[in-house]
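**Q** Show me how the following folds:
(2 chains)
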Amino acid sequence: MGALPSGTPAWSDLAKVAATRLDFIETTRLDNLRRRLYPSGQGSDIPHNPVRLAILGNSTFDHLAPGLRVGAMRRALWLDVYACDYGQSLQELSDQTSPLHRFGPNTALFSFDYQSLVAKGLEGLHANEVDQTVADVIARLRRLWELAAKAGCGQIIQQTVIPTMPNLLGSNEHRLAWSPRRVADLINARMRDAADADGVDLLALDSMVSNHGIDAWHDPALWHRAKQEISPAAAPFFGDLVARLLAAHRGLSAKCLVLDLDNTLWGGTIGDDGLSGIVLGQGSAEGEAYLAFQNYVKQLAKRGVILAVCSKNDEENALAPFEQHPEMVLKRSDIGCFVANWEDKATNIRRIAQALKIGIDSLVFADDNPFERNIVRRELPTVAVPELPQDPTLYARCISDAGYFEAGKITENDLVRSQQYQENLKREAVRASATDLAGYLKSLAMRLECKPFDQLGLQRIVQLINKTNQFNLTTRRYNEADATKFMYDPRAITLQLRLTDQFGDNGIIAIVIALPIDGSNVEYRIDTWLMSCRVLGRQVEQATLNVIASMARARGARTLTGEYRKTTKNSMVAEHYEKLGFKRVEDDADGTFRWSRSLEAFTPFSTHIDTFEGAA
Amino acid sequence: MTNEQILAELTEIFRGVFDDDELQITPATTAADIPTWDSLNHINIVVATEMRFQIKFQTSEIEELKNVGELVELIAAKTGKR
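**A** Now for the predicted structure:
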């Protein structure tokens, strides 16, 4: 638990640690710390309306309590647990003076192992006799649910039976009427119907076991030793699953999935690669993976999750695939709030929450880019930000496994929600951003390595020159021979810039070529300046100009000239030179805008980037 | 892995289970030496050790253990076999 600040941690600090992946020992230690610091649940930032959970059944539960409390903490809930004495559920629920009633639960969790539900062996029974036994089991459960409701429990959770028993036939187990495995499946099926009728939430451990394998959940050695049906190793996940149900019941599940576009919904960059260049759809494994993710997202929307888009793009480019790409599953009408611009994502996510009129804490943000994920985590700690794996085939499972959108039931309203948002949404005035960008940039420890063109980098340099469309001032395309010529021209300034930060190496992210305008070196013209949009908003432009200016000065230049040549895709840099303090000098009739800046009075921009010059 | 290395790993596990970063254990340490070494924590030690060393204990093996030293020997035997 190294993430805790020094001094006495606040509840919210503990909750932040709870949101990280913890094994069962770490979970127990965090729970111990919580109980030492806040023994009574009193504290300024501790949530009101505590959950008072009674857990009832016939196995041992003490080892599950820390995971339950930590899972609740992760979802901004205070939880107290009472574990009913072994096998005493009915008595404790019936007796008004029992410790259970003194505890005063508002939530009940029933967790029964197979043996405690089906006490006697069913060997040799016929199907109709087995049916009767199962009906009796369900009737007993319903009686317990009713007693729990009378005892004050507004939420009742029933764990499905974990199929811990060995098979007798194999794949066709269902053909033996009394096979314990078949009976367990039957109980689980009937339990689902009864739970629907009685408004009870299920904790579907049978389906979890089919996902993860029985070994992840149940250790027969621990069952025989200590009557632990659920292994301690699975306790943190068990606690999280229960906490999801607690949160869903209290309206605390996430409501909206905020999606990045480039390399999240499709492969490639729409602004650079264009409609025909992005990877999406049948024909390649990667394109099908993005398609599958879009299908999952669309299904989430159909069941009531609001979708939003938050993308660093020109809006026109960002919308194009939604409106024109034949393989797109998601349409503009599926998106409740569509934000595509060049501002930082934390600011845009605040806008999305305001526009949709939902809390910031009900958003989940899916973005392939670690930089964007981390600025959102830092600026908006209550937004859930899944650590998307690099491979798009795993995006859907990553979001599904985290259980952000847990729902106990589905209403008519859920099924038409995205449509409603679409109809009701109007652009609203938004407050200025409060994002501490400077603090974030500083924390990134960015290093910009500036090198002249070299043989090793040539291939990547030529690739960038020919593929970059958006952040490209002049869009001059050069082949390898051209680039080699610049490389060997001693008067030319050539730069390949590599950006690294605390998250890793972003690779070569910018290219600059500057040339003297005549036989003297007095004036240098920036022939080419392009940059990857991935590193926008990180002061790389300012740091780059510092380097260009210093190199031009070293060659005796007194003036630097910049050009902007307008294309259909590079409007985002129309004001590039103006922002860097250049003065407009003249415009050509052919749509070239010229800017100039004196180097005599040039003071380098102060940035949060550590710039250094690499060897050629 | 030497017995010293195993003991060092076990010390980390014990510190986690007993929530005490200062805890020191030796081969002679027994359940009687640590007041909170109850049956629940005993199982936690076993499960955490199995996870850490990627091994599985037999029920009978666990019941025969008398002190930390015997646990170290058992881990050494099981990890050495691979």
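
**Q** Chain B against chain A: which residues are in contact?
**A** Selection of chain B residues close to chain A by C-beta under 8 Å from any C-beta of the partner chain yields B:13, B:16-17, B:19, B:39-40, B:43-44, B:47-48, B:51, B:57-59, B:62. Any C-beta I mention is one placed from the backbone N, CA and C, and that applies to glycine too.

**Q** Would you map out the domains in chain A?
**A** Domain segmentation of chain A under automatic domain parsing yields A:11-249, A:256-435, A:445-613.

**Q** Widest-spaced pair of the residues of chain B next to chain A?
**A** Maximum pairwise distance in the residues of chain B next to chain A, criterion C-beta to C-beta, is 28.2 Å, between B:Asp19 and B:Gln58.

**Q** So those two - more neighbours on which side?
**A** Taking B:Asp19 and B:Gln58 together and counting by other C-beta atoms under 10 Å in any protein chain shown, B:Asp19 has the greater number of neighbours (17 against 11).

**Q** Am I right that A:Ile513 is in contact with A:Asp489?
**A** No. Taking contact to mean C-beta atoms under 8 Å, the distance of 9.7 Å between A:Ile513 and A:Asp489 leaves them out of contact.

**Q** the more surrounded of these two?
**A** Under the criterion of other C-beta under 10 Å, the comparison of A:Ile513 against A:Asp489 puts A:Ile513 first, with 25 against 14.

**Q** buried ones in stretch A:348-361?
**A** Neighbour counts over stretch A:348-361 (16 or more other C-beta atoms under 10 Å in any protein chain shown) mark A:Asn348, A:Ile349, A:Arg350, A:Arg351, A:Ile352, A:Ala353, A:Ala355, A:Leu356, A:Ile358, A:Asp361 as buried.

**Q** For A:Asp482, give its distance to chain B.
**A** Shown here: A:Asp482 relative to chain B, a distance of 57 Å by C-beta to the nearest C-beta, to the nearest Å.

**Q** Can you give me every residue that contacts that residue?
**A** With C-beta atoms under 8 Å, 6 or more residues apart in numbering or on different chains as the criterion, no residue contacts A:Asp482.

**Q** for the helix or strand containing it, the distance to its chain's centre please.
**A** Taking DSSP states H and E as the definition, A:Asp482 sits inside helix A:480-488. For helix A:480-488, the distance between its averaged C-alpha position and the chain's averaged C-alpha position is 43 Å (C-alpha atoms, centre = their mean, to the nearest Å).

**Q** ditto for stretch A:28-43
**A** 28 Å.

**Q** Any buried residues in it, and which?
**A** Applying a neighbour-count criterion of 16+ other C-beta under 10 Å, one finds A:Thr28, A:Arg29, A:Leu30, A:Asp31, A:Leu33, A:Arg34 buried in stretch A:28-43.

**Q** Outside of that stretch itself, list whatever touches it.
**A** Stretch A:28-43 is contacted from outside by A:1, A:8-11, A:14, A:17-18, A:22, A:46, A:50, A:65-66, A:69-70, A:73, A:78, A:80, B:16-17, B:19, B:44, using C-beta under 8 Å, 6+ apart.

**Q** Any of these buried? List them.
**A** By the neighbour-count criterion of 16+ other C-beta under 10 Å, the contacts of stretch A:28-43 include these buried positions: A:9-11, A:14, A:17-18, A:22, A:46, A:65-66, A:69-70, A:73, A:78, A:80, B:16-17, B:19, B:44.

**Q** Return the subset of those lying in helices.
**A** Using DSSP state H, the subset of those located in helices is A:Trp11, A:Leu14, A:Val17, A:Ala18, A:Ala65, A:Pro66, A:Arg69, A:Val70, A:Met73, B:Gly16, B:Val17, B:Asn44.

**Q** can you redo the residues you listed as CSV with distance to A:Asp201 and pLDDT?
**A** Rendered in CSV, the data for these read as follows (distance: C-beta to C-beta, whole Å; pLDDT from 0 to 100):
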residue, distance to A:Asp201, pLDDT
A:Trp11, 26, 84
A:Leu14, 26, 88
A:Val17, 27, 87
A:Ala18, 22, 88
A:Ala65, 19, 95
A:Pro66, 22, 95
A:Arg69, 19, 95
A:Val70, 20, 95
A:Met73, 20, 92
B:Gly16, 33, 92
B:Val17, 33, 93
B:Asn44, 29, 92
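
**Q** Return the closest of those with respect to A:Phe582.
**A** Taking C-beta to C-beta as the measure, A:Phe582 lies nearest A:Val17 of those, at 48.2 Å.

**Q** Show me what from chain A comes close to chain B.
**A** Counting by C-beta under 8 Å from any C-beta, chain A sits next to chain B at A:23-26, A:28-29, A:32, A:62-63, A:219, A:221-222, A:224-226, A:228, A:231-233.

**Q** Scan the helices and strands of the chain for the one with the lowest mean pLDDT.
**A** The chain I'm using is chain A. Using mean pLDDT, DSSP states H and E, helix A:417-424 stands out as the lowest-scoring helix or strand of chain A, at a mean of 57.

**Q** Chain B, not that one
**A** Checking each helix and strand of chain B against mean pLDDT, DSSP H and E, the one that scores lowest is helix B:59-64, at a mean of 84.

**Q** Pull out the buried positions in that helix.
**A** Using 16+ other C-beta under 10 Å as the test for burial, helix B:59-64 gives B:Ile62.

**Q** Stretch A:544-557 too?
**A** By neighbour count on 16+ other C-beta under 10 Å, the buried set for stretch A:544-557 is A:Thr544, A:Leu545, A:Asn546, A:Val547, A:Ile548, A:Ala549, A:Met551, A:Ala552, A:Ala557.

**Q** Where does chain B get nearest to chain A, residue-wise?
**A** Of chain B, the residue with the smallest distance to chain A, taken as C-beta to the nearest C-beta, is B:Gly16 at 4.0 Å.

**Q** count of residues packed around whichever residue of chain A sits closest to chain B?
**A** Closest residue of chain A to chain B, C-beta to the nearest C-beta: A:Ile25 (4.0 Å). By the criterion of other C-beta under 10 Å, A:Ile25 has 25 neighbours.

**Q** for the least confident helix or strand of chain B, the distance to its chain's centre please.
**A** The chain centre lies 13 Å from the centre of helix B:59-64; the measure is C-alpha atoms, centre = their mean.

**Q** and for it, what are the contacting residues?
**A** A:Ala221, A:His224, A:Arg225, B:Val46, B:Glu70, B:Leu74.

**Q** What of stretch A:89-100?
**A** Contacts of stretch A:89-100 from elsewhere in the structure, counted by C-beta under 8 Å, 6+ apart, are A:54, A:56-58, A:82, A:84-85, A:101, A:110, A:144, A:147-148, A:151.

**Q** one more time with 7 Å, if that's ok
**A** Contacts with stretch A:89-100, where a contact means C-beta atoms under 7 Å, 6 or more residues apart in numbering or on different chains, come from A:Ala54, A:Leu56, A:Gly57, A:Tyr82, A:Cys84, A:Leu144, A:Leu147, A:Ala148, A:Ala151.

**Q** Please apply the same query to stretch B:3-16.
**A** Stretch B:3-16 is contacted by residues A:25, A:29, B:21, B:23, B:25, B:45, B:48-49, B:52, B:68, B:71-72, B:75-76 when judged by C-beta under 7 Å, 6+ apart.
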